[in-house]
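Undergrad: Output the structure for:
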Amino acid sequence: MGNRLSKITTRTGDDGTTGLADNTRVGKDHPRVEAMGEVDELNSHIGLLLTEALPDDMRTLLTHIQQNLFNLGGELAMPGFNGITEDKVSLLDEAIAHYNAGLAPLKEFVLPGGTRAAAQAHICRTVCRRAERRLVTLSKSESVPPLLMQYLNRLSDLLFVLARVLNHGNEPGLWDKAK
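TA: Sure thing, here's the model as predicted:
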């Protein structure tokens, strides 16, 4: 592992292709590469969220999620690698229940915003949904483990709940269909 990233510039992608872990080369616009890129972008946005002042338990959870997103990307890059397991999806379900327990029920859609940290959590949520859509697209042409889509689906729900927690339950605004 130590030498794996020792050479960053290889020039092998200059022709618009990239290598998967099994040494096959695919176009950089291949649905698998698109999905990997969306997961990578999500991980980066979570990294940005982690620069905000967050409760310690939330920081620990988000750091753990970043590790899992690398595992998810690994499954996309290395067919046969199993990085996302049912217990990782269950952990998200438990976190959703934990953080949602103290929030008032919603009667309308929440307008994204509020605190800077909450707004960043909303960005993470939308990028997560996009990554999930890319996995759905990929699943129409190749086999995608269902747990990957479940993980991203639960993660987007968790990110929504975390945004509400970071706003301390005081929503910046609710959707008003009359406006």
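Undergrad: Now do the helices in the protein.
TA: In the chain, the segments counted as helices under DSSP state H are 31-49, 56-77, 86-100, 116-139, 146-166.
Undergrad: Looking at the ones you listed, which is nearest to residue 107?
TA: helix 146-166 (13.4 Å; C-beta to C-beta). C-beta coordinates here come from the backbone N, C-alpha and C atoms, glycine included.
Undergrad: So which elements touch that closest one?
TA: Other elements packing on helix 146-166 under the criterion 3 or more C-beta pairs under 8 Å, 6 or more residues apart in numbering; DSSP states H and E are helix 56-77, helix 86-100, helix 116-139.
Undergrad: Make a markdown table out of the helices of the chain and add mean neighbour count.
TA: Converted to a markdown table, the helices of the chain look like this (neighbours: other C-beta atoms under 10 Å):
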| stretch | mean neighbour count |
| --- | --- |
| helix 31-49 | 20 |
| helix 56-77 | 17 |
| helix 86-100 | 15 |
| helix 116-139 | 21 |
| helix 146-166 | 22 |
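Undergrad: hang on, the earlier thing: same list (the helices and strands packed on helix 146-166) but as JSON lines, adding distance to residue 163 and mean pLDDT.
TA: Output for the helices and strands packed on helix 146-166, formatted as JSON lines (distance: least, C-beta to C-beta, whole Å; pLDDT from 0 to 100):
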{"stretch": "helix 56-77", "distance to residue 163": "11", "mean pLDDT": "96"}
{"stretch": "helix 86-100", "distance to residue 163": "10", "mean pLDDT": "97"}
{"stretch": "helix 116-139", "distance to residue 163": "4", "mean pLDDT": "97"}
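Undergrad: Out of these, flag the one nearest residue 41.
TA: helix 116-139 (5.6 Å).
Undergrad: Show the contacting residues for residue 90.
TA: By C-beta atoms under 8 Å, 6 or more residues apart in numbering, no residues touch residue 90.
Undergrad: still on that earlier bit, same list (the helices and strands packed on helix 146-166) but as TSV, adding distance to residue 40.
TA: Formatted as TSV, the helices and strands packed on helix 146-166 follow (distance: least, C-beta to C-beta, whole Å):
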stretch	distance to residue 40
helix 56-77	6
helix 86-100	18
helix 116-139	9
